[in-house]
Structures are given as C-alpha cells and as structure tokens.
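J.: Can you look at this prediction? I've put the sequence above it.
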Amino acid sequence: MQDPIGSLELEHAVIGGVVEALTRYADRLARDGGAPRDDLDRFVTFFREFADFRHHDAEESILLPALARAGLAWDSEPIAAIRRDHDQERYLVRVLRHAALQSSAWSDEARRHVAAVATELASFLRAHIAREERLVYPAARARLGREALATLARDLGRFERSTAPGVRAELLRTAAELTARYQDQDQG
Ligand SMILES: [Fe+2]
Ligand SMILES: [Fe+2]
C-alpha cells in the first residue's frame, strides 16, 4: 500500500457512490415507485460489511490511534466527532437492517419510515465523508511522518488481509451494481 490516506479516499469514493444510489432508492421508496425490498438488503449488507466493518473499523482501530499518537486528543474534535458519527451510522444501519429482515409486508407507513431513515443515513454519510476529508485526512497527511505513514500502510494492509479473500471483491461488485441501478436520471 503506497499511500494509506489515498486508499481510504478511494474507499470514500466507493461509499459515496452507494450513498447517492441510496438517496435515489429512498426517493423511489417514498413514492412507491419501484424500489425492490431485496435491494434494501443489499444496501444494508454493503454499509454494514464494507463501510462499517471495514472502512470505519480501520479508521477507528488504526487511523485515529495513529493520529492520537501524533498529538491529536482522543476525546476532542475531530477524533471524538468521527467516533460519534460512526456510532450514529451504525445505529441507522441497524434500523434499516431490522426493516430489511422483517418477514411481513411493509405497511405504507413502514415504507415511508424506511425511506426517511435511508435518506437520513445517506445525508449523514455524505457529511461524515466531507468532515473526514476536510479535517481528518489532511491532519493525517500533515502530522504523520514518513515512518508513521509506513506503519499506517502496513497496519491497514494487515487489516484488509484479515478478512477472507473474495469478500471485499463481492462487496465492491454489490457497490457497482447498486450504483449503476440507481443512477441520476432514473425516473423509477
Ligand atoms: Fe469514517
Ligand atoms: Fe472514512
């Protein structure tokens, strides 16, 4: 891994694409315009297993501690805000997961509620990614020296290799499919 911050930014690009797709999915769902329930399951799988279990976990267990070692306070901004954001995102994904796993049909009210939570998750993640790219990644580039960056790259690489090969590729395929399915110009 040459540039550890660059690799996290690439993951942001993937997550950002699915965030935009989720916004369009939620719009369709809100007006009952052809938003298959199965796709909610796929969005949840992506946000849970890629955005949370991989990306956010790597940030929390590897990047933020590296920044703390470089002098940023663990309990102050921006680190505290990032950790709070991750908790809030986990909560919203959990709400969507419960809805996706529900065996009975959604009532109109339940459908609109799912759409509202999905919209909230999308706007939350959009703001979170912007916050990290404005405050956290530049701080990492400014504060981590060559050795700390090399350690970061090694630790992120090890983290990535700790999951079964093929899982990441499968999640990236899900991301590409959802992003393609819910494009800008779709009219539902
Ligand atoms: Fe994050
Ligand atoms: Fe991030």
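T.: Here it is on my side, so go on. Numbering: from 1, shown residues only. Ligands and ions are numbered 1, 2, ... in the order given.
J.: Only the buried residues of the lengthiest helix in the chain, if you could.
T.: Using DSSP state H, we find that the single longest helix of the chain is helix 4-30. By neighbour count with 16 or more other CB atoms under 10 Å, helix 4-30 contains the buried residues 4-5, 7-8, 11-12, 14-15, 17-30. Every residue, glycine included, has its C-beta placed from N, CA and C.
J.: what does stretch 45-62 give?
T.: Residues of stretch 45-62 classed as buried by neighbour count (16+ other CB under 10 Å): 45-52, 54-56, 58-60, 62.
J.: Return the member of these nearest to P78.
T.: Top of the list for closeness to P78, among the buried residues of stretch 45-62 and by CB to CB, is E59 at 11.5 Å.
J.: just checking, that closest one touches S7?
T.: No. Using CB atoms under 8 Å as the test, E59 is too far from S7 to be in contact (11.7 Å).
J.: Contacts only, for the most centrally placed residue in the chain.
T.: Centre of the chain computed as the mean C-alpha position; nearest residue by CA atoms, centre = their mean is A51, 3.2 Å away. By CB atoms under 8 Å, 6 or more residues apart in numbering, the residues touching A51 are 15, 18, 89, 93, 125.
J.: Let's have these in a markdown table, adding distance to H113.
T.: Below are the contacts of A51 laid out as a markdown table (distance: CB to CB, whole Å):
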| residue | distance to H113 |
| --- | --- |
| I15 | 24 |
| V18 | 21 |
| E89 | 18 |
| V93 | 15 |
| L125 | 19 |
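J.: Take these and lay them out in JSON lines including pLDDT and distance to G71.
T.: Output for these, formatted as JSON lines (pLDDT from 0 to 100; distance: CB to CB, whole Å):
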{"residue": "I15", "pLDDT": "98", "distance to G71": "28"}
{"residue": "V18", "pLDDT": "98", "distance to G71": "34"}
{"residue": "E89", "pLDDT": "96", "distance to G71": "27"}
{"residue": "V93", "pLDDT": "98", "distance to G71": "32"}
{"residue": "L125", "pLDDT": "98", "distance to G71": "28"}
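J.: Mind putting the residues you listed into TSV with distance to ligand 1?
T.: Compiled in TSV, the contacts of A51 are given as follows (distance: CB to the ion, whole Å):
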residue	distance to ligand 1
I15	9
V18	14
E89	8
V93	13
L125	9
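J.: Could you tell me which ranges of the chain sit under the pLDDT cut-off?
T.: 1, 185-188 (pLDDT under 70).
J.: 80 - rerun?
T.: Within the chain, the segments meeting pLDDT under 80 span 1-2, 33-34, 165, 184-188.
J.: Give me every residue in the chain lying close to ligand 1.
T.: Proximity of the chain to ligand 1 (CB under 5 Å from the ion) is limited to residues 56, 59.
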